[in-house]
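> Predicted structure and sequence below. I'll ask about it afterward.
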Amino acid sequence: MSTGTFPWLKGHGTENDFVLLPDPDGSLHGDLDPAVVRFLCDRYAGIGADGVLRVIEGSKQSYVEDGGDWFMDYRNADGSIAEMCGNGIRVFARYLAEAGLTDGKPVRVGTRAGVKEIALNDDGTITVDMGEPVFPGPAGIVVEANGHQWPALHVDMGNPHAVAFVDDLREPGWLIEQPGWTPAEAFPHGVNVEFVVRKGPNEVEMRVHERGSGETRSCGTGTCAVAVASARAARQETPVTYRVAVPGGSVTVTWREDNHLELTGPAVVHARGEFDRAWLPL
């Protein structure tokens, strides 16, 4: 077993929390073992988080063609690989800024869903250009939870989402387990499921089951999918801005005229330490 220690940090965006592993040249952790990710995310035996963000210089990673200035190697709490995370990338940017790894200008962060441009705002919030939403279909998707069924819209934000409007956010019940869906072939690799209620003009509230993590306090790509689904349901034209409330706070999502989505919200890094490799389950 490897010996020695490695640094870690802990942060959250609207209480969607992550362990960050600084690994500039990609050599410290190699290709993260799923068992290690699960252990670090364990809220009883490990550090506790909804996922792990490995911080690699864009030119030193080998996962995608364009790794940006820095690459976010994101893993879900169950150890599976995820394409993108809207809250995680804001926490990632906050770490880069506080570590002096950016010059204050917009930073290009590479992900498995492409490069995202990020701006740190004077009011402390962080804005991410999340790219364009895609509506892959098929029509007639239905999600099921707690004995109820709802029609859902498939919105792809680099990762898949099924957005369902409900009368009461308590209806879906306990969202630790993955909600079901039909047709089964709509999401061959699983899906993030958002349940949404309207609270007022351009204001919605949501709960989410995140693929590979269970119910979380927030989901950044999910808030974008929800804003898009809400605007489409209301037949609104772009540009349009929504405030999206989640259990961990709120964010704003602007659907611009160029079809890009901007996600703006808070992000903090609030803990750091050293982890002894001898404690790992390998």
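Ah, there it is.

> What average pLDDT does the strand or helix carrying residue 204 get?
For residue 204, the enclosing helix or strand under DSSP states H and E is strand 203-210. What strand 203-210 shows for mean pLDDT is 98.

> who touches the helix or strand following that strand?
Next in sequence after strand 203-210, counting helices and strands by DSSP H and E, comes strand 214-216. Outside of strand 214-216, the residues within contact range by CB atoms under 8 Å, 6 or more residues apart in numbering are 16, 50, 77, 174-177, 207-210. In this view, the C-beta of every residue, glycine as well, is placed from N, C-alpha and C.

> now the helix or strand just after strand 214-216, how far from the chain's geometric center?
Going down the chain from strand 214-216, the next helix or strand is helix 220-233, by DSSP H and E. Offset of helix 220-233 from its chain centre (CA atoms, centre = their mean, to the nearest Å): 14 Å.

> buried set for helix 220-233?
220-231 (16 or more other CB atoms under 10 Å).

> Same check on stretch 264-282?
For stretch 264-282, by 16+ other CB under 10 Å, it's 264-269, 275, 280.

> could I get those residues as JSON lines with distance to residue 30?
Below are the buried residues of stretch 264-282 laid out as JSON lines (distance: CB to CB, whole Å):
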{"residue": "264", "distance to residue 30": "34"}
{"residue": "265", "distance to residue 30": "32"}
{"residue": "266", "distance to residue 30": "32"}
{"residue": "267", "distance to residue 30": "27"}
{"residue": "268", "distance to residue 30": "29"}
{"residue": "269", "distance to residue 30": "24"}
{"residue": "275", "distance to residue 30": "16"}
{"residue": "280", "distance to residue 30": "13"}
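
> among those residues, which are in helices?
Among the buried residues of stretch 264-282, no member falls in helices (DSSP state H).

> export the residues you listed to TSV and tack on pLDDT and distance to residue 31?
Putting the buried residues of stretch 264-282 into TSV (pLDDT from 0 to 100; distance: CB to CB, whole Å) gives the following:
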residue	pLDDT	distance to residue 31
264	98	33
265	98	30
266	98	31
267	98	26
268	98	29
269	98	25
275	92	18
280	86	15
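
> Which single one of those is nearest to residue 93?
residue 267 (6.9 Å; CB to CB).

> I figured that closest one hits residue 17, correct?
No - using CB atoms under 8 Å, residue 267 makes no contact with residue 17, being 10.7 Å away.

> list residues touching both of the two?
residue 11.

> Just give the closest residue to residue 173, not the sequence neighbours.
Nearest residue to residue 173 in three dimensions, chain neighbours excluded: residue 146, at 3.1 Å (CB to CB, 6 or more residues apart in numbering).

> Now do the same contact list for that neighbour.
Listed by CB under 8 Å, 6+ apart, the contact partners of residue 146 are 171-174.

> Pull the contacting residues for the closest residue to residue 59 other than its chain neighbours.
Once flanking residues are discounted, residue 59 sits nearest to residue 67: 6.5 Å by CB to CB, 6+ apart. Taking CB under 8 Å, 6+ apart, we find residue 67 in contact with 56-61, 110, 115.

> Turn those residues into JSON lines, columns for secondary structure and distance to residue 165.
Formatted as JSON lines, those follow (DSSP: H, G, I helix; E, B strand; the rest coil; distance: CB to CB, whole Å):
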{"residue": "56", "secondary structure": "strand", "distance to residue 165": "39"}
{"residue": "57", "secondary structure": "strand", "distance to residue 165": "42"}
{"residue": "58", "secondary structure": "helix", "distance to residue 165": "39"}
{"residue": "59", "secondary structure": "helix", "distance to residue 165": "44"}
{"residue": "60", "secondary structure": "helix", "distance to residue 165": "43"}
{"residue": "61", "secondary structure": "coil", "distance to residue 165": "39"}
{"residue": "110", "secondary structure": "strand", "distance to residue 165": "34"}
{"residue": "115", "secondary structure": "strand", "distance to residue 165": "32"}
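
> Lovely, talk soon.
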